[in-house]
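Chemist: task: produce atomic coordinates for the following.
(2 chains)
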Amino acid sequence: MKKILAIALALVMMMTASLAMADAIKIGVIGPMTGAYAVYGLAVQYGAQIAADEINAKGGLQFEILSEDDQGDGELGINAYNKLLDDGVTLMLSTVTSGSCAVVADVANEERIFMLTPSGSADAITEGKDNIYRVCFKDSSQGLASAQYIVDNKLATKVGVIYNNAIDYSMGIYNSFKAKAAELGLEIVAEAAFSDDNNADYSVQIAQMKDAGAELVFLPIYYTPASLILSQAASVGYDPIFFGVDGMDGILTLEGFDPALAEGVMLLTPFSADAQDDLTKNFVATYQAKHGEIPNQFAADAYDGMYALLAACEKAGITADTSAEDACEMMIPAMQEIEVVGLTGTMRWDATGEVDKTPTAVVIKDGVYVGAGN
Amino acid sequence: MIQFLSYLLNGISLGSVYAIIALGYSMVYGIAKMLNFAHGDVIMIGAYISFCAIQYWNLPPAIAIVLAILVCTVLGIVIERLAYKPLRQATSLSVLITAIGVSWLLQNIALLIWGANPKSYQSLVGFGSLTLFDGQLHITSETFITIAANIVIMIALTLFTGKTKMGKAMRAVSEDKGAAELMGINVNATISMTFAIGSGLAAIAGVLLCSAYPVLMPTTGSMPGIKAFTAAVFGGIGSIPGALIGGILLGLIEIMGKAYVSTELGDALVFAVLIIVLLVKPTGLLGKKIHEKV
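Modeler: Modelled structure (predicted):
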């Protein structure tokens, strides 16, 4: 008797659970939740969840976020992708890192699953794939914009670059920066690479910049190695203009970091946690209350990505009952029609899957971002 | 020339950190005949403990370092007791896999406690830097202290293993476990002691490493750990002066390789040298050749 009761109870629970879930469109988030890149995957997961909670609270379309860990690795990314599809995911807000994203995007393109990557920035991710869109800038556009900005504002004539040859992100920006610099007549006097190692010694790279007389050092890298470069450059008394891209965002939130080291650092970024508009202020406050940290670029991209998915789903008339294959074909035209005002600016998409938004140049003064124009 | 001097000092300083970590690998291998791959992660825990002591509990640097050493020493003993001791009679492969498991466990515990966001480590031994030759050569206090700490630790350990009863017991156990036991040496206590010393050294290495390269995250210990293991094998695993020479040479090769060959090949050179040394001299630079009795 007890057994039957238990089974009956379990059945009822399963049915109510599946009923509750049937109303929500399942969104798959794949990213590194553990390992060396966990900071990016977790930021995306948290950012997307905050957006989903807000959307669900408003009524209307409901979203459920399912996330899987890929440790930033393509093979694990494919496993995660298959598992999420088995779990009934309709749309992918994936994947977080460029390397894994390129692999998963190929499969998603073949199997006709719609994918919006919050932060996979390698050019190849969207190239020739009509159902892959992205929230962040592609790498080459950041390199071009940086070179253009340096020349337009006459920041320097002799430029050095320190890049990370182990990640696609850094290589992509570096290559396009180099090409654009050559075109604009900006002289690159020194180039030095390093291979992804968290506690690396950068004394040699810094010495090379210094010896070549670089007045500006371009850093197409993430903020963690950048913080080491800034501190090691300060210890040898080298003080050029350091110029970063969106990966530099987050350096001021690094716990224990001395903001004096970042004084005068310039960066092109679409998101800044210090922005004073209501949208950013609310997001930062919610994120901080939930996770005890200041959100970074990745969290903002994911948040905006969820709103882009919402807008496109509403436009295309996608509901929780739409199959993943149908949703894909409906999303493609809808993405090109929507306009989303988000944390990272006002975004529109074209058929290539690239986002159109404006990066702002900021300079760090007394530990906060200040618009570079003024 | 001055540039070369600066690279030389940086190389010795980096090598000194590797040497201190390599000591932990070498001592444990010499006595327990196992590769403790969790050693790099004990370094990371030590660095986090000292970070918390300074940032959250506002303790003075000296106490933060002592606290880190204490926590790591206890951690080392606990790891040995729980994970390695039950496997004393198992094949070396099982012990190796267990060590890798402990390494992952420690990394993920750190991820749970301190989160994935990297932390910027405030140097505990930063007292400014010395400027020579009209500002052409900068030597930071971290460089001095790392090299000094390395020398002090090497001398202390050499005296310890040579003069004290416990040190002699360690050497005896490393020579022949069975015979040492028959002579009345408590083998288990000796092995625990080795882990305690190795892990205490790991805490010091963690503080020095993060003071010189101030980023702290759950994976901070892995790469330096692997390089220090390379240094230990390079110098002859099981030998204290071998760890010193291996560590310093490795640091120098890494920095000089980056400076004069290619910044992209620094790490590749380090491991290429290891392969060459092992091909020419399989026991490492100072390793003893042991004749197996048939």
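
Chemist: for stretch A:41-55, what is the average pLDDT?
Modeler: Averaging pLDDT along stretch A:41-55 yields 95.

Chemist: buried residues in it?
Modeler: A:41-52, A:54-55 (16 or more other CB atoms under 10 Å in any protein chain shown). No exception for glycine: its C-beta is placed from N, CA and C like everyone else's.

Chemist: reformat these as JSON lines; add distance to chain B and secondary structure.
Modeler: Output for those, formatted as JSON lines (distance: CB to the nearest CB, whole Å; DSSP: H, G, I helix; E, B strand; the rest coil):
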{"residue": "A:Gly41", "distance to chain B": "8", "secondary structure": "helix"}
{"residue": "A:Leu42", "distance to chain B": "5", "secondary structure": "helix"}
{"residue": "A:Ala43", "distance to chain B": "8", "secondary structure": "helix"}
{"residue": "A:Val44", "distance to chain B": "12", "secondary structure": "helix"}
{"residue": "A:Gln45", "distance to chain B": "11", "secondary structure": "helix"}
{"residue": "A:Tyr46", "distance to chain B": "11", "secondary structure": "helix"}
{"residue": "A:Gly47", "distance to chain B": "14", "secondary structure": "helix"}
{"residue": "A:Ala48", "distance to chain B": "16", "secondary structure": "helix"}
{"residue": "A:Gln49", "distance to chain B": "15", "secondary structure": "helix"}
{"residue": "A:Ile50", "distance to chain B": "17", "secondary structure": "helix"}
{"residue": "A:Ala51", "distance to chain B": "20", "secondary structure": "helix"}
{"residue": "A:Ala52", "distance to chain B": "21", "secondary structure": "helix"}
{"residue": "A:Glu54", "distance to chain B": "23", "secondary structure": "helix"}
{"residue": "A:Ile55", "distance to chain B": "25", "secondary structure": "helix"}
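
Chemist: doesn't B:Ile97 belong to a helix?
Modeler: Yes. Assessed by DSSP: H, G, I helix; E, B strand; the rest coil, B:Ile97 belongs to a helix.

Chemist: around chain B, pick out the residues from the stretch 1-150 of chain A.
Modeler: A:Thr34, A:Gly35, A:Ala36, A:Ala38, A:Val39, A:Gly41, A:Leu42 (CB under 8 Å from any CB of the partner chain).

Chemist: which of those residues fall in helices?
Modeler: A:Ala38, A:Val39, A:Gly41, A:Leu42 (DSSP state H).

Chemist: for the first one, what are its contacts?
Modeler: What it means is A:Ala38. A:Pro32, B:Leu111, B:Ala116, B:Pro218 (CB atoms under 8 Å, 6 or more residues apart in numbering or on different chains).

Chemist: contacting residues for the last one?
Modeler: For B:Pro218, the contact set (CB under 8 Å, 6+ apart) comprises A:Ala38, B:Met44, B:Gln107, B:Asn108, B:Ala110, B:Leu111, B:Trp114, B:Ala116.

Chemist: how about the secondary structure of the fifth one?
Modeler: Here B:Ala110 is helix, with the state taken from three-state DSSP.

Chemist: and the ones in helices among the residues of the stretch 1-150 of chain A next to chain B, which is closest to A:Asp168?
Modeler: Distance to A:Asp168, by CB to CB, is smallest for A:Gly41 among those, at 16.3 Å.

Chemist: nearest spatial neighbour of A:Gly41, skipping sequence neighbours?
Modeler: A:Gly31 (3.2 Å; CB to CB, 6 or more residues apart in numbering or on different chains).

Chemist: quick check: phi and psi at that neighbour.
Modeler: Backbone torsions for A:Gly31, taken as degrees, to the nearest 10, come to phi -170, psi 170.

Chemist: look at residue 118 and say how many residues are nearby.
Modeler: The chain I'm using is chain A. Using other CB atoms under 10 Å in any protein chain shown, the number of residues around A:Pro118 comes to 32.

Chemist: my question was about chain B
Modeler: 27.

Chemist: which residues of the stretch 1-150 of chain B fall in helices?
Modeler: B:2-32, B:39-55, B:61-79, B:92-114, B:141-163 (DSSP state H, counting those that start in this stretch).

Chemist: out of these, which is closest to chain A?
Modeler: Closest to chain A of the helices of the stretch 1-150 of chain B is helix B:2-32 (CB to the nearest CB; 4.7 Å).

Chemist: now the closest one: buried residues?
Modeler: B:6-7, B:9-32.

Chemist: return the member of the ones in helices among the residues of the stretch 1-150 of chain A next to chain B nearest to A:Ser146.
Modeler: Distances from A:Ser146 to these, taken by CB to CB, are shortest for A:Val39, at 23.4 Å.

Chemist: quick one: least confident helix or strand in chain B?
Modeler: strand B:129-132 (a mean of 72; mean pLDDT, DSSP states H and E).

Chemist: the residue sitting nearest the centre point of chain B: what's it in contact with?
Modeler: Among the residues of chain B, the one closest to the centroid is B:Ile21, at 0.7 Å (CA atoms, centre = their mean). Counting by CB under 8 Å, 6+ apart, B:Ile21 touches B:His39, B:Gly40, B:Ile43, B:Leu201, B:Ala202, B:Ala205, B:Leu209, B:Pro224, B:Gly225, B:Ala228, B:Ala231, B:Gly247.

Chemist: mind running it again at 6 Å?
Modeler: B:Ala205, B:Ala228 (CB atoms under 6 Å, 6 or more residues apart in numbering or on different chains).

Chemist: confidence score at it?
Modeler: 93.

Chemist: go on, A:Met21?
Modeler: Predicted confidence (pLDDT) for A:Met21: 49.

Chemist: so which residues on the stretch 151-294 of chain B come close to chain A?
Modeler: B:Tyr213, B:Pro214, B:Val215, B:Thr219, B:Thr220, B:Met223, B:Pro224, B:Lys258, B:Ala259, B:Thr263, B:Glu264, B:Asp267 (CB under 6 Å from any CB of the partner chain).

Chemist: and B:Gly200, what does it touch?
Modeler: Going by CB under 6 Å, 6+ apart, B:Gly200 touches B:Ile69, B:Cys72, B:Thr73.

Chemist: wasn't it part of a helix?
Modeler: Yes. Checked against three-state DSSP, B:Gly200 lies within a helix.

Chemist: which sections of chain B are below the confidence cut-off?
Modeler: Where chain B drops to pLDDT under 70, the residues are B:126, B:133-135, B:289-294.

Chemist: burial count for residue 288?
Modeler: Went with chain A since none was named. 13.

Chemist: not what I meant, chain B
Modeler: Residues near B:Lys288, counting by other CB under 10 Å: 11.

Chemist: so it lies in a strand, does it not?
Modeler: No. In this structure, B:Lys288 is coil, not part of a strand, as judged by three-state DSSP.

Chemist: how close does it get to chain A?
Modeler: 32 Å (CB to the nearest CB, to the nearest Å).

Chemist: who does the least confident helix or strand of chain B pair up with?
Modeler: Applying DSSP bridges, strand B:129-132 is found paired with strand B:137-140 (antiparallel).

Chemist: list the contacts of A:Lys210.
Modeler: A:Tyr238.

Chemist: now do 10 Å
Modeler: A:Gly160, A:Ala190, A:Val217, A:Ala233, A:Val236, A:Gly237, A:Tyr238, A:Asp239, A:Pro240, B:Gln3 (CB atoms under 10 Å, 6 or more residues apart in numbering or on different chains).
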